[in-house]
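[1] Build me a structure from this.
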Amino acid sequence: MVLKIAGLGPGDPGLLTIGSLDALRAVEKAVALLAPPDLVSYLERNGVTVVRGMVDDPALLVRGGADEIARFTARLGDSAVDGGALGLGVLGNPLSDFPGLPALLRALEQRNVAAEIV
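    Numbers count the residues shown, from 1 in each chain. As a prediction, this is how the structure comes out:
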């Protein structure tokens, strides 16, 4: 299993980088945390299946809530994720705008899930 974490920029479809869109297309299925509806529609029109229901409280996951991260990582093994890869789209830059990233990476490592940051 691989989780590709991609930055969605400020949430405007016109400002989404080609690299992020290509990374999400490559895995085909993605969770779009806190993405505005027009960005979600744009992703879907461009070949990304946006998976819903994998995260109960996206804001809590972004902030690094331990329970929300545990629920999300437990769901990674569910049948909703075929092909062994899933994209995780986060607003902004994952390295600077995702305070829960270190906790998520530790939880993924404990479950032997590889992570790639795009």
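
[2] Can you tell me the SS state at the residue nearest the centre of the chain?
    Most central in the chain under Cα atoms, centre = their mean is residue 88, positioned 1.0 Å from the mean C-alpha point. Residue 88 carries the three-state label strand when classified by DSSP: H, G, I helix; E, B strand; the rest coil.

[3] Could you tell me the model confidence score at it?
    Listed pLDDT for residue 88 reads 97.

[4] Begin at 28 from now on, thanks
    Got it, the first residue is 28 from now on, which makes the last one we talked about residue 115.

[5] Does it touch residue 62 like I think?
    No - using Cβ atoms under 8 Å as the test, residue 115 is too far from residue 62 to be in contact (11.0 Å). C-beta here means a position set from N, CA and C on the backbone, and glycine is covered the same way.

[6] Skipping adjacent residues, who's closest to residue 143 in space?
    residue 31 (4.9 Å; Cβ to Cβ, 6 or more residues apart in numbering).

[7] This protein: strands as residue ranges?
    Shown for the chain, the strands assigned by DSSP state E span residues 29-34, 56-60, 76-77, 112-117, 141-144.

[8] most packed of the ones you listed?
    With neighbours defined as mean count of other Cβ atoms under 10 Å, the strands of the chain peak in mean count at strand 112-117, which reaches a mean of 25.

[9] residues in contact with that one?
    Here strand 112-117 makes contact (Cβ atoms under 8 Å, 6 or more residues apart in numbering) with 28-35, 47, 50-51, 53-62, 70, 75, 78, 81, 89, 103, 124-125.
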